[in-house]
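> Could you work out the structure for the sequence below:
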Amino acid sequence: MAYSTQQLIDILEKEMRASCQGQRVLLSAEERFNDPVLSLALGHDKIGRVYAYREFREQIHHYQQEHQVSGLIWRTCQFQGETVRFPELHNQLVAIDSDKQALQAAKADVVAFWRETTPGLKLWLMGKEQQILSPELVEMFIGEAEWAEVDAALTEVYLGLCWGKPEERHYQWALPESGCRRIVATRDRPTLLRV
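Numbering: from 1, shown residues only. I've put the predicted structure just below:
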C-alpha cells in the first residue's frame with residue numbers, strides 16, 4: 001500500500017530536520033555546486049546538507065508519480081465572516097494529473113468566495129508595481145485562469161489566478177507556460193504583505 005500525502009509530508013519534514021541538523025550530508029555536493037564564492041561563504045557542509053535534502057525530495061516526487069500519490073492539501077480561508085475550503089499544492093510536493101483536475105474543479109468555489117467578500121473593496125494587480133484594476137478586468141482574468149487560490153489577512157483578501165504546472169506557478173522563469181496573477185482586494189492601498 002502506498003504512503004498517503006500526509007505521510008509523505010511527515011517524511012519530508014523529518015528528513016529536512018535531519019538535513020538541517022547535519023545528520024544527512026551528500027558527499028558529492030561539491031562536484032555539483034559550481035560557484036566558488038558561495039562555496040566559500042556557505043561551506044561544503046551546508047551545501048552537502050541542501051543537496052542531500054534536495055535529492056531525497058526528488059525521490060519523493062518520483063514516488064508520488066509512480067504510485068499516483070496526490071500532492072494536494074486542503075486549506076480553509078476566512079474573510080469578513082465567509083469561509084471557503086479548497087485544495088492547494090503542498091510546497092514540497094508535486095502535482096499528479098488528477099491534482100490539476102481537483103484544482104480546476106475547486107475554482108468555482110474559490111471565485112464565489114472572492115466575489116462574496118470583495119464588494120466595495122479596491123482591486124489591485126500585484127507585481128513589480130501595484131496597479132489598480134476594474135472588476136471587469138478581474139473577471140476577464142478569472143475567465144483565463146485554469147484554477148484559483150485565495151488567502152486573507154486582517155483587512156485584505158488575495159486571489160491567485162493560476163495556469164500551467166501547479167508546482168511552477170510562482171516562478172518567473174516558468175512564464176508564460178505556467179504562472180499566477182495575484183490580485184488584492186482592500187479598502188485603500190495594499191500593504192507590503194507577501195502571501
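> which SSE is R182 in?
strand 179-186 (DSSP states H and E).
> hang on, I meant Q64
helix 36-67.
> Can you name every helix or strand that the following helix or strand past that helix contacts?
Downstream of helix 36-67, the next assigned helix or strand under DSSP H and E is strand 72-79. Helices and strands in packing contact with strand 72-79 are listed as helix 5-20, strand 82-89, helix 97-117, strand 147-152; criterion 3 or more Cβ pairs under 8 Å, 6 or more residues apart in numbering; DSSP states H and E. Heads up, the C-betas are built off the backbone N, CA and C, glycines and all.
> Compare the ones you listed and say which comes out lowest on pLDDT.
Mean pLDDT is lowest for helix 5-20 among those, at a mean of 90.
> That one versus helix 97-117: what angle between them?
100 degrees (axes from the mean of the first three to the mean of the last three Cα atoms, to 10 degrees).
> sorry, back to before: could you look over the helices and strands packed on strand 72-79 and pick the most buried one?
strand 147-152 (a mean of 22; mean count of other Cβ atoms under 10 Å).
> Restrict whatever helix or strand comes next after that strand to CA atoms and write it as PDB.
Sequence order places strand 157-163 as the next helix or strand after strand 147-152, per DSSP H and E. Output in PDB follows, covering the C-alpha atoms of strand 157-163 (Å, rounded to 0.1, in the frame of the first residue of the first chain):
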ATOM      1  CA  VAL A 157      -8.000  39.200   0.600                       C
ATOM      2  CA  TYR A 158      -5.700  37.800  -2.100                       C
ATOM      3  CA  LEU A 159      -6.800  35.900  -5.200                       C
ATOM      4  CA  GLY A 160      -4.300  33.900  -7.200                       C
ATOM      5  CA  LEU A 161      -5.400  33.100 -10.800                       C
ATOM      6  CA  CYS A 162      -3.200  30.300 -12.000                       C
ATOM      7  CA  TRP A 163      -2.400  28.300 -15.100                       C
END
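> Give me the contacts around strand 157-163.
79-80, 103, 110, 114, 117-118, 121, 126, 138, 141-142, 144-152, 169, 178-186, 195 (Cβ atoms under 8 Å, 6 or more residues apart in numbering).
> what pairs with it, and is each one parallel or antiparallel?
strand 147-152 (antiparallel), strand 179-186 (antiparallel) (DSSP bridges).
> Just put those strands in JSON lines and tack on distance to V50.
Output for the strands paired with strand 157-163, formatted as JSON lines (distance: least, Cβ to Cβ, whole Å):
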{"stretch": "strand 147-152", "distance to V50": "28"}
{"stretch": "strand 179-186", "distance to V50": "26"}
